[in-house]
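Chemist: A predicted structure for the sequence below; I have some questions about it.
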Amino acid sequence: MNEGEKDPGLYDFAPYRGRKPFAWPGDKKVAVWISPNLEFYEIDPPTNPHRKSWAMPHPDVVRQSHRDHANRVSHWRMAEVMSKHGFPGSVSLSVALCQHHPNVVEDANQRGWEFFSHGIYNTRYSYGMDEAQERAIIEDSIKTVREATGQTIRGWLAPALTHTPRTLDLIAEYGLDYTCDLYHDDQPQRVKTKTGDLISMPYSLEVNDHYGFFVYNMSPREYADTLIRQYERLAAEPSGTVMCIPLHSYLIGQPHRIGPFEDVLKHIAADAGDGGRAWITRSGDIADAWRAIHTKEA
Amino acid sequence: MSLDPEYLEYPKRGLGYDHDLFPYSVMEERKPLAWPEGKSVATWMVVSLEWFPITPESTPFKAPGHMQTAYPDYRHYTAREYGTRVGFYRLLDAFAKADVKVSVAANAAIAQRYPSVIRDIVDAGHEIIAHSSDMNGTIASTLPVEDERKLITESVAILSDVAGVKPRGWHSIARQQSFATMDLLKDAGIEYCCDWVNDELPYAFNNGVVNIPLNHELSDRQIINVQQQSADSYAQQMLDAHDWLSAEAEVHGGRMLPMHLTPYIIGLPYRMDAFEKLLGDLKAREGTWFARGCDILDQFRSQM
């Protein structure tokens, strides 16, 4: 990025109007991917001078144990519903989960889910890191996920969305080919980096379950309705769009929410067969398909 | 700019948790629990009965629901008192009508100030859970341990004295504990707490004290007060949860639906009809086992 400048220089401006429409594999209109955040939150993490981990003195019982619900209860509840309706996950992973709860990572890997890095822990932030420190967490992420799953990570979602001016250049240098940290478009876009070939993968804050329930204060049924409206709109546009559903099982996997959410998956899955509009897929597959279409043009 | 090298060291990065409070365990891998009479969903209501001094304290932290305006905050002081005088009696009548026994998490100050309320609870067969001194009695790691010990033992003693029976359960204000709390509860003879929300069934801490998870997301405070949803939506959400858990119980064994209630929230006139209808709808579902915390604890202990 252009550090210190008013425009960070991440990408070129490209208005939605006038873009050449394209179809996803199978002649689909919208690529739908689900991104479960599989995370580990430390109960007593060290302090980052730029951001507190917990609002309360440690242990912050409600906030920390709420998130631990994922690894004891709700991961499986969420994952079963996804598998039942044919949705793989593209996992935003706190890579230390591979050491703390390898059973959770193994379950996701067995289901054919893709992994990308969400940092070491969601309680360790990148703010204030020097280049060597940031390289260390990228190298740790690549190595840890490879050893635990056999997969080589291709994507990045900064831990707790904490970045440095170097993050995108560094992940591109290490060969990662998509970032989930930029929210400027409903289609993948090229990102300007010093080296490498990085694209922005449409993730979403707006329909993230955390935003739905704690920013917009939606009921479970209102959130489900929101996802269906988001889907219907993106599927109706001709351009070749991406819909991401970012999830945290400790939120969507609560007993009052999972039923309405299952209705959303049924709705989208019903539009995924022959002649349907949904390409239900993973983030890496979207990156590959987008590159296959757009490399020819460029 | 760089961070202290320690920030990139992970001494506790290994199998299991980064603490020794309780072991890691996956709910669906445990031996299934069976509730009495083949019931599927233990439906556990916990009413918080609280007294907010009009002189709020912020150490270690200010309790949710506490005074908000400059002193004297008549509006919040009296609106909370409304819950105890009026809303709580509406709830007691609703429980009696539906023949439901519940747990009441009471501040010791309620026993000292309004002992007749405690007698009404006990006489109706409800359980008393100890819930600190009053709403200035918050706990966190910044509270000296000896102060915390005194807070716990005195609260338990006062409630025991007035109720005529010792509380077996503890509920911290805002569920917030220190790293010492579970051991202090054990020393005070407490058998279970309902503060940690990481599970949906009871589990034991390493010191033997059981945690019965009282889901904060399913509370009237969270849904109605924080998320600003209607009482009808709240009731719908409880029924959606109950239906999902009933279906899971067929495969995985007994499930639990914790319902945390606040008299000054759910006990308002315009919300009570929705709540009474919810009680009726829950009662009409075959799998419902209305249980108190102590009943759930006894089942857990006898089966695990």
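Modeler: Thanks, I have it.

Chemist: In contact with whatever residue of the stretch 51-200 of chain B ends up closest to chain A, which residues are there?
Modeler: When scored by Cβ to the nearest Cβ, the stretch 51-200 of chain B has B:Asn198 as its residue closest to chain A, at 3.8 Å. Heads up, the C-betas are built off the backbone N, CA and C, glycines and all. Counting by Cβ atoms under 8 Å, 6 or more residues apart in numbering or on different chains, B:Asn198 makes contact with A:Ser65, A:His66, A:Arg67, A:Asp68, A:His69, A:Arg72, A:Val73, B:Pro213.

Chemist: any idea how far chain A is from B:Tyr17?
Modeler: Remark: distance between B:Tyr17 and chain A (Cβ to the nearest Cβ, to the nearest Å) = 7 Å.

Chemist: Burial check on that residue, number of neighbours?
Modeler: 18 (other Cβ atoms under 10 Å in any protein chain shown).

Chemist: repeat for B:Lys277
Modeler: For B:Lys277, using other Cβ under 10 Å, the count is 13.

Chemist: That one is in contact with B:Tyr234, isn't it?
Modeler: No. The criterion here is Cβ atoms under 8 Å, and B:Lys277 misses it with B:Tyr234 at 11.3 Å.

Chemist: that older thread, just the element for the residue of the stretch 51-200 of chain B closest to chain A, please.
Modeler: Using DSSP states H and E, B:Asn198 maps to neither a helix nor a strand.

Chemist: And the pLDDT at it?
Modeler: Looking at B:Asn198, its pLDDT stands at 98.

Chemist: show me where pLDDT drops low in the stretch 1-150 of chain B?
Modeler: Applying pLDDT under 70 to the stretch 1-150 of chain B picks out no residues at all.

Chemist: need the contact list for the closest residue to chain A within it.
Modeler: Nearest residue of the stretch 1-150 of chain B to chain A: B:Ser2, at 3.5 Å (Cβ to the nearest Cβ). Going by Cβ under 8 Å, 6+ apart, B:Ser2 touches A:Gly128, A:Met129, A:Asp130, A:Ala132, A:Gln133.

Chemist: For the stretch 151-300 of chain B, give me the ranges with low pLDDT.
Modeler: By pLDDT under 70, the stretch 151-300 of chain B contains no weakly predicted segment.

Chemist: Write out the residues of it neighbouring chain A.
Modeler: Within the stretch 151-300 of chain B, the positions adjacent to chain A are B:172, B:174-179, B:195-200, B:215-218, B:223, B:226-229, B:233, B:236-238, B:240-245, B:248, B:255, B:257 by Cβ under 8 Å from any Cβ of the partner chain.

Chemist: Give me the buried entries from those.
Modeler: By neighbour count, with 16 or more other Cβ atoms under 10 Å in any protein chain shown, these hold B:172, B:174-179, B:195-200, B:215-218, B:223, B:227, B:229, B:233, B:236-238, B:240-245, B:248, B:255, B:257 as buried.

Chemist: Now go through these and say which are in strands.
Modeler: B:Arg255, B:Leu257 (DSSP state E).

Chemist: Which ones among the buried ones among the residues of the stretch 151-300 of chain B next to chain A map onto helices?
Modeler: B:Ser233, B:Gln236, B:Gln237, B:Met238, B:Asp240, B:Ala241, B:His242, B:Asp243, B:Trp244, B:Leu245, B:Glu248 (DSSP state H).

Chemist: can you list the residues of the stretch 1-150 of chain A near chain B?
Modeler: A:42-44, A:46, A:48-49, A:56-62, A:65-69, A:71-73, A:76-77, A:96, A:99-103, A:120-121, A:124, A:128-130, A:132-133, A:136-137.

Chemist: Could you identify the buried members of those residues?
Modeler: Buried by 16+ other Cβ under 10 Å: A:42-44, A:48, A:56-62, A:65-69, A:71-73, A:76-77, A:96, A:99-101, A:103, A:120-121, A:124, A:128-129, A:133, A:137, out of the residues of the stretch 1-150 of chain A next to chain B.

Chemist: Show only the entries of the residues you listed found in helices.
Modeler: Among these, DSSP H puts A:61-62, A:65-69, A:76-77, A:99-100, A:103, A:133, A:137 in helices.

Chemist: And the helices in the stretch 101-250 of chain A, which stretches?
Modeler: Per DSSP state H, counting those that start in this stretch, the stretch 101-250 of chain A carries helices over the ranges A:102-110, A:131-149, A:167-173, A:209-210, A:220-236, A:249-252.

Chemist: anything in the fifth one sitting right up against chain B?
Modeler: What that stands for is helix A:220-236. Yes. For helix A:220-236, a contact with chain B is found by Cβ under 8 Å from any Cβ, at A:Pro220, A:Arg221.

Chemist: for the third one, same thing?
Modeler: No. Helix A:167-173 lies apart from chain B when judged by Cβ under 8 Å from any Cβ; the minimum separation is 14.0 Å.

Chemist: Which elements pack onto that helix?
Modeler: helix A:131-149, strand A:198-200 (3 or more Cβ pairs under 8 Å, 6 or more residues apart in numbering or on different chains; DSSP states H and E).

Chemist: who's in contact with that helix?
Modeler: By Cβ under 8 Å, 6+ apart, helix A:167-173 touches A:1, A:10, A:126, A:131, A:134-135, A:138, A:156, A:158, A:179, A:181, A:191, A:193-198.

Chemist: Try it again at 6 Å.
Modeler: For helix A:167-173, the surrounding residues in contact (Cβ atoms under 6 Å, 6 or more residues apart in numbering or on different chains) are A:Glu134, A:Ile138, A:Trp156, A:Thr193, A:Lys194, A:Thr195, A:Gly196, A:Leu198.

Chemist: The second one contacts A:Arg166, correct?
Modeler: No. With contacts defined as Cβ atoms under 6 Å, A:Ile138 does not count as touching A:Arg166, sitting 10.2 Å away.

Chemist: Touching both of those two, which residues are there?
Modeler: Joint contacts of A:Ile138 and A:Arg166 (Cβ under 6 Å, 6+ apart) do not exist.

Chemist: And the helices in the stretch 51-200 of chain B?
Modeler: Counting by DSSP H, counting those that start in this stretch, the helices of the stretch 51-200 of chain B are B:74-82, B:88-98, B:108-113, B:115-123, B:145-163, B:181-187.

Chemist: Can you get me a residue count around residue 78?
Modeler: You didn't say which chain, so I picked chain A. 27.

Chemist: that's the wrong chain, I wanted chain B
Modeler: By other Cβ under 10 Å, neighbour count at B:Thr78 equals 12.
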